[in-house]
Every structure is written in structure tokens, then in C-alpha cells.
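1. sequence and predicted structure below; questions after.
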There are 2 protein chains.
Amino acid sequence: MSASKKTILIEKALETYYTGGFQAVGMDRLAKETGISKTSMYKHFRTKEDLILEVLNLRDENFRNWFVRRIDELASSPVERLTAIFDVLGEWFHEDGFLSCMFIRASSEYPNSDHPIHMSSAKHKRLLLTYVIGLAEQAGVPDPGQLARQLMLLKEGAIVIAHLHGPDGVATHAKQAAEVLINNALGRS
Amino acid sequence: MSASKKTILIEKALETYYTGGFQAVGMDRLAKETGISKTSMYKHFRTKEDLILEVLNLRDENFRNWFVRRIDELASSPVERLTAIFDVLGEWFHEDGFLSCMFIRASSEYPNSDHPIHMSSAKHKRLLLTYVIGLAEQAGVPDPGQLARQLMLLKEGAIVIAHLHGPDGVATHAKQAAEVLINNALGRS
DNA sequence: TTAAACATTGACAGATCGGTAAGTTATTGT
DNA sequence: ACAATAACTTACCGATCTGTCAATGTTTAA
């Protein structure tokens, strides 16, 4: 299997897993959808779990790149970037085919914290937290870790509610709450 | 199968599904763990999905009863009840065997919004929202719906983060954010 | 006592699961 | 040109999945 075919497989698996779930999508189905035989797939991935881990790595890369880029496009000051988080979330929630966050879904299917898939999901959230801490630092708040963790709670909660109750208004509510928290962190200005 | 055996089955299924996941736990395993034959189980539940839906009903009842009761035990004023939400969450997160919220897990395994299991999960969250709106009304805020939705975002986010990054500090961060939002809703007092 | 009604069982169907063995085709280096 | 090798496929393995069937106990009622 060429490297490009491997990439194609991972990309197709990302799409199919996101739509159908990790456990519900079998290797046979991926073989059928990609036209690549199972044996070829298993030449490059020792187990299904290995494939899922590579899919999650790609998703992490794609998502964080898109997320940061959109925030930079929408905002021009550090404080604006903090609120833009929720505008970008709103765009995501309203995309056709939005079905929650792949890492929340993954950690729900593999709930035990010592499972590699769970750990990979935790890592993704930690990387996002680090990014938001950086934004909070640039905004000059006294305790960037605290504000960033608060905004992350709003972000994850918004994802869950947008998935369960639909996208309308969720990101807006989260943004309004975020503005209150940001102003408070900046000294109630 | 007597009614009590049916109850025992649902309770055991709740425990096993919560620990192991819905798709990962098969009917054979439930039969082995309860000592009830599969055929007997299928006399009372037409499909596995029906069993899961009854499990979710029981979980919804158990959880909301416990949640409301603990809040009432910890708080004596309406505003206190709003913040006590997060004290109770902290207790939950630190329980042995905490593995996120059963309904977030369920909606992650059955992500399509028209799926009965997904709809049941959405209903649970809606009932909780209604409860929090009631608390916010009693607290006398001008827009109880807005505050309640903001606090729900913190709650769901806290569940996700406590599951992925461990329980320490998560409920406390959420409570601090909640206090800011509550004070703001009350008029920045 | 005995027959009807119900409860329960082990064994099985058919499908699908993750994963593999053996064999075939295509590519490569010399 | 040709042997070595890498890429790839078909067919299959045992296990497990949801769900069912025929047979056997067990209760109930007249």
C-alpha cells in the first residue's frame, strides 16, 4: 500500500467513524468503502485500535489548525480572540453533519482512563487548554489558567448541548457567559 | 419473569452498561451476570434498544432525584442552591467509578439525533435544564433561562473535563465561574 | 387430578466482529 | 530477462453479536 493510500484510508476512516461511531464501524465496512482489502489495511495497522489512534491524531491536527486559524481570522486583539472562540464554535455547530466532538465521542466509547484511545482524547483537550491559556496570557489577565479552564468548561458544555439540543443559540449563550467571565478576570471592567 | 427480576435485570444492566458501554456489553454477558436466560430477557424487552431505553429511564430518575436531594441538603437559599449544583457535581466526580454522564456516553454511541437513545438523552438534559431554570427563577434573576443555560454549559463541560482530566479541581473551577455568572445575572452585586 | 397458561431454558441461526494464512499479481534491482 | 520482494486479494478462522425456537418445568384454576 502506498503512503497516499494509507492517507486515504485514514481520511476515509475519520469520516466514517465520525458519522457512525468507532465500535459500530467495522474493518470490513472500511475495506468496502475504500476498496482496500482488509489484509492490506492490517499490513499498516497492527490492530483496529492503532488505526483509530492514527485517525484521532489526524483529527486533532485538522481541528486545532482550523480552530486557531478561524480565531485569528475573526479577531485582531487578544481579548477578541478569547470571545472569538465561541463564534468559531458556532460555525462548527451549524455545519452539516456536526455530531459532537470526536474526542468526547471516543472517550465515551472507551471510558476507562488508562485506555490509549481515552488518553489520546485527553491529550487533545490538554493541547486546546494550553492554547487558550496562551490567549488568556496575551489578554493580560492575572490568572490565565483559571480563566482558560473556565472558558474550556463553556466550550465543552456547548459542544454537548449543541449535540443534544441542536446548534441554535448555544454558541451565543456560551459567548455571553464567556464575556462576563473575561470581564471579571480583567477586573470587572 | 417476576416484576422484581425485571427490576434486578434493569439495575444490573445499568451498572454494567455504565462501566462497559452500551455496544460493548452484549446480551449474553447480561444473561451470565444476572443468571437470567436471554430468552427470558427477550420476553420483557423486544430488543436490546428497548432495554437500554428502560435503563436510561431508571438512570434519569435516580440521578435527578439524587441531584435535587443533595442540593436541598447542602443549600438553604435559592442563590445557594444555584452554587450548590457544583458542590454536588464535585461529590459525583470524586466517586469511585465515575465515568462521565451516562447520557453523554449514550448520545456519543448513538450520535444521530433521531435515534431513540439519543432522544432519551436529550430529554434528560432538558429536564435538568427545566430544574435549573426553576432555581434561577426562585433566585429572582431577570432572565432565568439565560442564567440556567449558562450554568448548564458549565455543568456539562465540567462532566466532560472531569472524565478526561480527572476530578480534581474541576467542580471548583466551575463553581467559581458560576458565582461570577450568578452575580452578574443578579446585577453585578 | 388434570389441563390450560405461563415462565424458563439450552441450543441454535444468521450475521458480523477483529484478525490471518495461503496464494497471486505487480514491482524492483541486477 | 529474471529472480527476489513487496503489495495485494480471496477466503477463511474462531468468537461474539442480536434474536429465536422447540422443549421443559411450574404455576394456576376448575
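-> Looks like it came in fine. Please read all numbers here as calculations on a predicted model, not as lab measurements.

2. what residue lies at the spatial centre of chain A?
-> Central residue of chain A (C-alpha atoms, centre = their mean): residue A:101, 5.2 Å from the mean position.

3. contacts only, for the closest residue in space to it that isn't next to it in sequence.
-> Sequence neighbours aside, residue A:159 is the residue nearest to residue A:101 in space, at 4.9 Å (criterion: C-beta to C-beta, 6 or more residues apart in numbering or on different chains). To be clear about C-beta, it is placed using only N, CA and C from the backbone, and glycine gets the same treatment. Listed by C-beta atoms under 8 Å, 6 or more residues apart in numbering or on different chains, the contact set of residue A:159 reads A:89, A:93, A:100-101, A:104, B:160.

4. rounded mean pLDDT for the helix or strand where residue A:159 lies, please.
-> Following DSSP states H and E, one finds residue A:159 within helix A:144-165. For helix A:144-165, mean pLDDT is 98.

5. what does the very next helix or strand once past that helix rub up against?
-> Note on helix A:144-165: by DSSP H and E, the next helix or strand toward the C-terminus is helix A:170-185. Applying C-beta under 8 Å, 6+ apart, the external contacts of helix A:170-185 come out as A:79, A:82-83, A:85-87, A:89-90, A:93, A:136, A:139, A:141-143, A:146-147, A:150-151, A:154-155, A:157-158, A:161-162, A:189, B:146, B:149-150, B:153-154, B:177, B:180-181, B:184.

6. just the buried ones from those residues?
-> Neighbour counting by 16 or more other C-beta atoms under 10 Å in any protein chain shown classes A:79, A:82-83, A:85-87, A:89-90, A:93, A:136, A:139, A:141, A:146-147, A:150-151, A:154-155, A:157-158, A:161-162, B:146, B:149-150, B:153-154, B:177, B:180-181, B:184 among the contacts of helix A:170-185 as buried.

7. show me the shaky parts of chain A.
-> Applying pLDDT under 70 to chain A flags the ranges A:1-3, A:189.

8. wait, residue A:13 touches residue A:51, no?
-> Yes - counting by C-beta atoms under 8 Å, residue A:51 is a contact partner of residue A:13 at 6.1 Å.

9. the two: who's more crowded?
-> Between residue A:13 and residue A:51, counted using other C-beta atoms under 10 Å in any protein chain shown, the more crowded position is residue A:13 (25 against 21).

10. C-alpha coordinates for stretch A:36-45, PDB please?
-> Provided in PDB are the C-alpha atoms of stretch A:36-45 (Å, rounded to 0.1, in the frame of the first residue of the first chain):
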ATOM      1  CA  ILE A  36      -8.700  -1.600   0.000                       C
ATOM      2  CA  SER A  37      -8.600  -5.100   1.300                       C
ATOM      3  CA  LYS A  38      -8.600  -5.800   5.000                       C
ATOM      4  CA  THR A  39      -5.300  -7.700   4.700                       C
ATOM      5  CA  SER A  40      -3.700  -4.600   3.200                       C
ATOM      6  CA  MET A  41      -5.100  -2.500   6.000                       C
ATOM      7  CA  TYR A  42      -3.600  -4.800   8.600                       C
ATOM      8  CA  LYS A  43      -0.200  -4.500   6.900                       C
ATOM      9  CA  HIS A  44      -0.100  -0.900   8.000                       C
ATOM     10  CA  PHE A  45      -2.200  -1.100  11.200                       C
END
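
11. near DNA strand C, which residues of chain A?
-> Taking C-beta under 7 Å from any atom of the strand as the contact definition, chain A meets DNA strand C at A:23, A:25-29, A:38-39, A:42, A:46-49.

12. name the nearest of these relative to residue A:108.
-> Nearest to residue A:108 among the residues of chain A next to DNA strand C is residue A:23, at 10.6 Å by C-beta to C-beta.

13. measure stretch A:97-111 end to end?
-> The first and last residues of stretch A:97-111 sit 24 Å apart, counting by C-alpha to C-alpha, to the nearest Å.

14. longest helix of chain A?
-> For chain A, the helix that runs over the most residues, judged by DSSP state H, is helix A:48-74.

15. angle of whichever helix or strand comes after that helix against helix A:144-165?
-> Sequence-wise, the next helix or strand downstream of helix A:48-74 (DSSP H and E) is helix A:78-94. Relative orientation of helix A:78-94 versus helix A:144-165 (axes from the mean of the first three to the mean of the last three C-alpha atoms, to 10 degrees): 20 degrees.

16. helices and strands around helix A:78-94, which ones?
-> Applying 3 or more C-beta pairs under 8 Å, 6 or more residues apart in numbering or on different chains; DSSP states H and E, one finds that helix A:78-94 contacts helix A:48-74, helix A:116-139, helix A:144-165, helix A:170-185.

17. single out the most deeply packed of these.
-> Compared across the helices and strands packed on helix A:78-94, helix A:144-165 shows the largest average neighbour count, a mean of 24 (mean count of other C-beta atoms under 10 Å in any protein chain shown).

18. okay, now the domains of chain A?
-> The record, using automatic domain parsing to delimit domains, assigns chain A the ranges A:1-45, A:55-185.

19. now compare the residues of chain A next to DNA strand C and name the two farthest from each other.
-> A:23 and A:39 (21.8 Å).

20. neighbour count for the two, which is higher?
-> The neighbour comparison of residue A:23 against residue A:39 (other C-beta under 10 Å) goes to residue A:23, with 16 against 8.
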